[in-house]
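Engineer: give the three-dimensional model of this entry:
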Amino acid sequence: MIILVMGVSGSGKTTIGKLLADSLEWEFSDADAFHSPENVEKMRRGISLTEDDRMPWLQDLQTAIKNWLQENKNVVLACSALKDSYRQFLLLDSDRTKLVYLKGSYELIQMRLQERSNHYMSKKLLDSQFYTLEEPVDALCMDIAQPPQIIVQNIRAALKI
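Structural biologist: Purely as a prediction, here's the structure:
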C-alpha cells in the first residue's frame with residue numbers, strides 16, 4: 001500500500017509521514033528528494049515552479065509509485081500534491097493508494113514556517129501554495145492543530161492499519 005501524505009509546505013508532511021511510516025514499520029519517502037537541483041534553487045529563491053518545472057518531478061514520482069506497487073512495497077510518501085491533476089497522475093491504484101490531507105490554517109502554517117530552519121522552501125511561497133491548493137474531496141482529512149502522535153493514531157484508525 002502507498003499512503004500519500006499531502007498538504008502545503010509547513011503542514012507537517014515529513015513529520016507525520018516519518019512518524020506514520022515508523023509506527024507501521026514501512027518505508028518513508030519524501031517527494032522533495034525527487035526535485036531537480038534547478039527546482040530546489042528556484043524554490044530557495046522564492047520563485048514558484050511552473051507546470052513545465054513540475055512535470056519531470058511528477059513523472060519521476062509516478063515511476064517510483066509504479067515500482068513500489070509492482071514490488072508490493074508499503075510506503076508512506078510525503079508530497080505536496082496541491083492540484084487535483086497531480087493527485088490523479090500519482091494515485092494509480094485506488095485500492096492500494098490512500099490519500100491523507102494535512103489541513104491547517106494559513107496563520108498556523110505561517111507560524112511553523114517562520115520557526116523552521118534548514119529547509120529550501122522559501123516562506124515567500126506560502127501564498128502561492130495556498131493559491132495553488134485544490135483541496136481534495138476524496139482524502140482522509142487531518143487537522144494539523146493536533147499533536148503529531150494523535151494525527152498518526154487517527155490516520156491508522158481511519159485506514160484500519
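
Engineer: what's the nearest residue to the residue nearest the centre of the chain if we skip its chain neighbours?
Structural biologist: The chain has Cys79 as the residue nearest its centroid, 2.4 Å off, counting by C-alpha atoms, centre = their mean. Nearest residue to Cys79, sequence neighbours excluded (C-beta to C-beta, 6 or more residues apart in numbering): Ala31, at 3.6 Å. For glycine as for every other residue, the C-beta is placed from the backbone atoms N, C-alpha and C.

Engineer: can you count the residues close to the one you found?
Structural biologist: 23 (other C-beta atoms under 10 Å).

Engineer: same deal with Asn72?
Structural biologist: 8.

Engineer: so it is in which element?
Structural biologist: If you go by DSSP states H and E, Asn72 is not part of any helix or strand.

Engineer: list the contacts of the host helix or strand of Leu126.
Structural biologist: Leu126 is part of helix 126-132, with elements assigned from DSSP H and E. Applying C-beta atoms under 8 Å, 6 or more residues apart in numbering, the external contacts of helix 126-132 come out as 8-10, 48, 80, 82-83, 106, 109-110, 113.

Engineer: and which of those residues is nearest to Met1?
Structural biologist: Nearest to Met1 among those is Ser80, at 20.4 Å by C-beta to C-beta.

Engineer: tell me the contacts of the closest one?
Structural biologist: 6-9, 13, 31, 129.

Engineer: for the chain, which helix is longest?
Structural biologist: What stands out as the longest helix in the chain, according to DSSP state H, is helix 51-70.

Engineer: how about that one: buried residues?
Structural biologist: 53-54, 57-58, 61, 64-65, 68-69 (16 or more other C-beta atoms under 10 Å).

Engineer: closest to Lys42 out of those residues?
Structural biologist: Asp53 (6.9 Å).

Engineer: can you pull the contacts of the closest one?
Structural biologist: So Asp53 contacts 38-39, 42 (C-beta under 8 Å, 6+ apart).

Engineer: quick check: it vs Gln59, distance?
Structural biologist: According to C-beta to C-beta, to the nearest Å, Asp53 and Gln59 sit 12 Å apart.

Engineer: do Leu77 as well
Structural biologist: 15 Å.

Engineer: quick one: Ser29 and Ala64 touch, right?
Structural biologist: Yes: using C-beta atoms under 8 Å, Ser29 is in contact with Ala64, at 7.0 Å.

Engineer: what sits in contact with each of those two?
Structural biologist: Contacts common to Ser29 and Ala64, judged by C-beta under 8 Å, 6+ apart, are Leu77.
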